[in-house]
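Trainee: let me see the structure of the following:
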Amino acid sequence: MKILNWLKLNCFNILLFIFILIMVSSIILPKNLSNLDEVWNYSFAKNIADGLVPYRDFNMVITPLLSFICALFLFIFGNELIVMRILATILISFIFFMSFIILRKLNVNKYISLISIFLLFLILKDYICI
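Mentor: Predicted coordinates:
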């Protein structure tokens with residue numbers, strides 16, 4: 001019974017997250033491999049998944065937290081670039097959804113929050129990648 005009540009209360013949030021996930025995946029997944037930052041991040045995560053240690057076995061300029069997170073997913077789901085893109089889709093969807101939740105916690109109107117999140121998405125859609 002509690003699960004049913006929880007679903008009734010959070011149905012809008014679940015549907016919003018699924019909608020954001022579909023929008024972000026339609027941008028990230030079919031993208032050509034033209035952004036070399038994506039290749040660099042994949043390479044760092046692949047090296048960590050292969051057991052190499054950052055800054056000792058290979059050089060990095062960025063901090064390695066994202067590379068460790070991506071390496072975990074590459075180790076579990078396979079060493080492919082599509083795994084990185086799916087992870088990017090999930091992470092970016094959570095970022096947009098959490099931005100909506102933060103705006104709601106700041107007592108911003110629900111419709112204004114939605115419009116601002118979608119405007120932010122439209123502004124950043126060319127730059128969305130891991």
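Trainee: how close does the residue most central in space within the chain sit to residue 7?
Mentor: In the chain, the C-alpha nearest the mean C-alpha coordinate belongs to residue 91, at 1.8 Å (C-alpha atoms, centre = their mean). As judged by C-beta to C-beta, to the nearest Å, residue 91 and residue 7 stand 25 Å apart. Every residue, glycine included, has its C-beta placed from N, CA and C.
Trainee: picking that back up, run a quick neighbour tally on the closest residue to the residue nearest to the centre of the chain other than its chain neighbours.
Mentor: Sequence neighbours aside, residue 130 is the residue nearest to residue 91 in space, at 7.4 Å (criterion: C-beta to C-beta, 6 or more residues apart in numbering). Neighbour count for residue 130, taken as other C-beta atoms under 10 Å: 20.
Trainee: retrieve the pLDDT associated with residue 130.
Mentor: Reported pLDDT at residue 130 in the predicted model: 76.
Trainee: okay, and the residue nearest to the centre of the chain sits in which element?
Mentor: helix 81-105 (DSSP states H and E).
Trainee: mean confidence for that helix?
Mentor: Mean predicted confidence for helix 81-105 is 92.
Trainee: next one: whatever helix or strand comes next after that helix to chain centre, how far?
Mentor: With elements assigned by DSSP H and E, the helix or strand that comes after helix 81-105 is helix 110-124. How far helix 110-124 lies from its chain's middle: 17 Å, per C-alpha atoms, centre = their mean, to the nearest Å.
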